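**Q** pasting the sequence and the predicted coordinates here, then a few questions.
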Amino acid sequence: MTCLKNLLPALLICSLVAVSCGTLKKQPAKTAPTTQERVEKKANDLADLKGAAVESVSLEGGTVALKVTFDSGILFGFNQTDLGEEAKSSLEALLAEIKDMPDAHIRVYGHTDIVGSSEVNQKVSEERARKVAAFLMENGISASRIEAEGKSFNNPVADNSTEEGRAKNRRVEIFVIPAQ
């Protein structure tokens, strides 16, 4: 009887362990989020970026990126390439939001309206992209991570037959491409 009393706690513990082992479900291994999931999360995080439209887009070859277009912060006057204070403020806000993406590559595309020659618009669009890229570099983004390109008037987002539409087409688009 004494022997049984001594074994009873051990048997009880073994029974509990055996029951526990039989009822535990194996938890699936946590996987790192995909690039698509990270970009979509960042797009949601940036949804409140003042005056900006932020969306997750697929680029050539299926590369996933954030596309940031400012409603009014990085629009330019006719034949203008200088960044105004509102544009600088918008860019600073963007930089604050992507500081957790230190390896991201950034593409800056300058655009123009349709007024003027193709050659002049190409130069203006290139200068717009360069000005934004230079501002990003001055504020901590490595030159090796930035690409700037002028697109002239080839990709309008609004009707070039109205002044309002032409104003919307004089813009810069920024693509933030996370490290793969």
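**A** Right, received. Where do you want to start?
**Q** before we move on, which element is the spatially most central residue of the chain in?
**A** Against the mean C-alpha coordinate of the chain, by CA atoms, centre = their mean, the closest residue is residue 66 at 3.2 Å. Element membership of residue 66 [criterion: DSSP states H and E] is strand 64-70.
**Q** what's the answer for residue 55, then?
**A** Take DSSP H and E as the rule and residue 55 turns out to sit in strand 52-58.
**Q** what helices or strands is that strand leaning on?
**A** Packing partners of strand 52-58 (3 or more CB pairs under 8 Å, 6 or more residues apart in numbering; DSSP states H and E): helix 35-45, strand 64-70, helix 85-97. Every residue, glycine included, has its C-beta placed from N, CA and C.
**Q** 6 Å - rerun?
**A** For strand 52-58, the helices and strands in contact under the criterion 3 or more CB pairs under 6 Å, 6 or more residues apart in numbering; DSSP states H and E are helix 35-45, strand 64-70.
**Q** which stretches of the protein aren't confidently modelled?
**A** Along the chain, the parts satisfying pLDDT under 70 run over 1-29, 72-75.
**Q** the helices in it, which residues?
**A** With helices called from DSSP state H, the chain shows them at 2-23, 35-45, 85-97, 118-138, 163-169.
**Q** in JSON lines, list those helices along with mean neighbour count and distance to residue 156.
**A** Rendered in JSON lines, the data for the helices of the chain read as follows (neighbours: other CB atoms under 10 Å; distance: least, CB to CB, whole Å):
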{"stretch": "helix 2-23", "mean neighbour count": "9", "distance to residue 156": "63"}
{"stretch": "helix 35-45", "mean neighbour count": "16", "distance to residue 156": "24"}
{"stretch": "helix 85-97", "mean neighbour count": "17", "distance to residue 156": "20"}
{"stretch": "helix 118-138", "mean neighbour count": "19", "distance to residue 156": "11"}
{"stretch": "helix 163-169", "mean neighbour count": "16", "distance to residue 156": "5"}
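**Q** out of these, which gets nearest to residue 56?
**A** Minimum separation from residue 56 across the helices of the chain (CB to CB) falls at helix 35-45, 4.7 Å.
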